[in-house]
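K.L.:
fold the following for me, if possible:
(3 chains)
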Amino acid sequence: MKRIKTLKMNYEFKNVFSKGKYYIGKQVIVYFLNNRLGYNRIGIAISSKLCKAVKRNRIKRLIRASYQRFCFTEVSSYDIVFIWNKKANIEDASFEIISKDLNKAFLKFGIIK
RNA sequence: AUUGUAAAUUAAAUAGUCGCGUAUAGCAAAUUCGAAAGAAUGCGUACGAGGAAAGUCCGGGCUCCAUAGAGCAAAGAUGCUUGAUAACGUCAAGCGAGGGUAACCUUAGGGAAAGUGCAACAGAAAAUAACCGCAAAAUUAACACAAGUGUUAAUUUUGUAAGGAUGAAAAGGCGAGGUAAGAGCUCACCGUAGAAAUAGUGAUAUUUCUAGCCGUGUAAACCCCAUCUGGAGCAACACCGAGACUAGGAGGCUAAGACUGCUCGUCAUCUCCUUAAUUUGGUGGCAAGAUGCAUAUAGCAAUAUAUGUACUAGAUAAAUGACUAUUCACGACAGAACCCGGCUUACAGAUUUACAAAUAAA
RNA sequence: GCGGAUGUGGCGGAACUGGCAGACGCGCUGGUCUUAGGAACCAGUGUCACCGACGUGGGGGUUCGAGUCCCUUCAUCCGCA
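P.N.:
Residues are numbered from 1 along each chain as shown, chains lettered A, B, ... in the order given. Prediction:
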C-alpha cells in the first residue's frame, strides 16, 4: 500500500491526544500512539482560526512532503498526529525546519534509526 | 512633459529529480480489501485551481414536497423613465437633484391635501400662529394752556404677520408703491403651483397664460399606492447492500401531513405523538453550459441573431508540493465542493487605450 | 449549505418612543484611619487638551440631530441538517 493512510474520525484524533505521547518542535507538535493495524496512519490538524485556507493548505503540504521523505525500514504501526505550534509565526513556515522537527521526533520514539 | 478622470488586459517564466488527484477498449498481472454492494494495486499517456474560486448580499436552473393548485389575510422585497435579460434589488441609455475649473463622479429619486405619530433644549409661537410690539377707538387719571382741546400713562375692544434674544426649520424672497398701522393689498424680478401649446415613446424640457401662493419638515416613523414573491435545499434527491426494527397511547371521520392563519380543492393509505434507538458503507446526481472567443448584421449601448471556432478540475478530511539551477520588475489578494447571471469586499505591480486642465516648448 | 445573536471606559453591564452617552458594580490611583496591612470612609479615573474637539467594532447614508433607523464590511459566538 503506497498511499498514505489517514485518520478520519473525530474520536480517533481524541484518542491520540489523550493517550499518546508527544514531542514539541519549533513549528510542529507531534503526537504518537501505537496501533495494531501493521501500518502507519497520520492526521494533520490545523485550526481555522490561525490563518486562511491557502496558508493552511501550504502547511499541510509541507508536513506531508517532509513525512514522505522518511523511508521506514522496519514495519512500524503508529497513529501520528501533527499540529501547528501556535507560538511559531505562520509566515516563517519552511520545509527545512519542519523536517528537522520530524526527524528529532521520530528519533526520540525510535521509529527510525 | 506634469497633474488627473474613465475603461480594459495580465496575475513571473524555463529545465531536471521525487511526489499527489482524476481519466484511460495502452501494456502487464490476476491478486488484494470488504459481510455485501462495490473498490483498489504497477508502468505509460493525457489533463489538473481564480479574477475574485472569498463574503453568501440578490436572481435563476435542477431536485423533492401533489401536477405546485384557487381566494382572502399576514409577512417580506422593490420604488424617476425607456429598454435589455431566463430572472434580478443587476446592466445600458436618458431625465431630475448634488459635487468638481474640466474630463467626469454620486444619487432607495412614488405619495405629506387618505389618516395617525414625532419635532428634545431654546423660543411669544413648532402648525386651526396675537405673548410683546405697532396702530385706531372708548373710558379713567395726571399735566398743560389760548378752556375744550392737546400730551402722557393705565385698562378694555378692534385691526395688524413690518420688528422681536431662539432654533435645523418661523408661514415665499427682495425692492418700490400703498396704508391709521400693516399685509401679494398692488407692481417689477426671482422662486412655487396649475393649465395649454411645442419637442420627445417617456421621465422631462422650453414657451405662453393663470393663481398672489390656504397649509413647515419627517415615509431610511407607521402607513397609502403600484409591481413582485409557495417552501426546503446536492448533507436536495434516486438506487444498491448490510444492521436495527422496543414499549405505550391516539386517529383511520370532520383526524394528521404537504411554509404561517382561514376557506375551498387535490393527493396517498396507513399515519401521528411520547419513550428507547436514530448505526454504517457504496454508486449515481457531477461537469457541454441562458458557456467563452472571433467575425458579420441590427442597435447610441446593454444585448440579440447568424456563421466559425474552443472547451477532459471534479475531490469527499478533500488533489498542485518539495529540492536543485537560471533569468527578471523579486512575485499582492487568495484555494473549486451541484451549476450559472450579477453585486460587494481584498489586491504587489506591469501594460494599453480614450479624454480633461493649465503651464512650458515647437 | 441554511438560520440566528452580539460588539459601548481596564473588566462586567445600563441607556425605552431617535434628543445631555458613559448609570451601576468591580478594578486602579490618591487621601483619611492604623505601628504596619486589611476592612471601612472620602475624592478622582476615555483621548487630545484644560475654552473646546474627537470618541458606542470599521466605512458610508437618511435626519436639524443617530449607541438607537438603513446599506455595506470586519470580528466573535450559537443552532439545524
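
K.L.:
what does chain A put close to RNA strand B?
P.N.:
Within chain A, the positions near RNA strand B by Cβ under 7 Å from any atom of the strand are A:2-3, A:6-8, A:10, A:43-44, A:52-54, A:57-58, A:60-62, A:64-65, A:68, A:94-96. Heads up, the C-betas are built off the backbone N, CA and C, glycines and all.

K.L.:
which of these fall in helices?
P.N.:
When helices are assigned by DSSP state H, the members of these inside them are A:10, A:53-54, A:57-58, A:60-62, A:64-65, A:68, A:95-96.

K.L.:
state the distance from the residue most central in space within chain A to A:Phe106.
P.N.:
Centroid-nearest residue in chain A: A:Phe82, 3.0 Å away (criterion: Cα atoms, centre = their mean). In this view, A:Phe82 and A:Phe106 are 12 Å apart by Cβ to Cβ, to the nearest Å.

K.L.:
okay, the helix or strand containing the residue nearest to the centre of chain A in CSV with CA atoms only?
P.N.:
Using DSSP states H and E, A:Phe82 sits in strand A:78-84. C-alpha atoms of strand A:78-84 as CSV (Å, rounded to 0.1, in the frame of the first residue of the first chain):
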residue,chain,number,x,y,z
TYR,A,78,1.7,4.1,14.8
ASP,A,79,-1.1,6.7,14.7
ILE,A,80,0.7,10.1,14.2
VAL,A,81,-1.0,13.5,14.5
PHE,A,82,0.7,16.7,13.5
ILE,A,83,-0.4,20.1,15.0
TRP,A,84,1.0,23.5,14.3
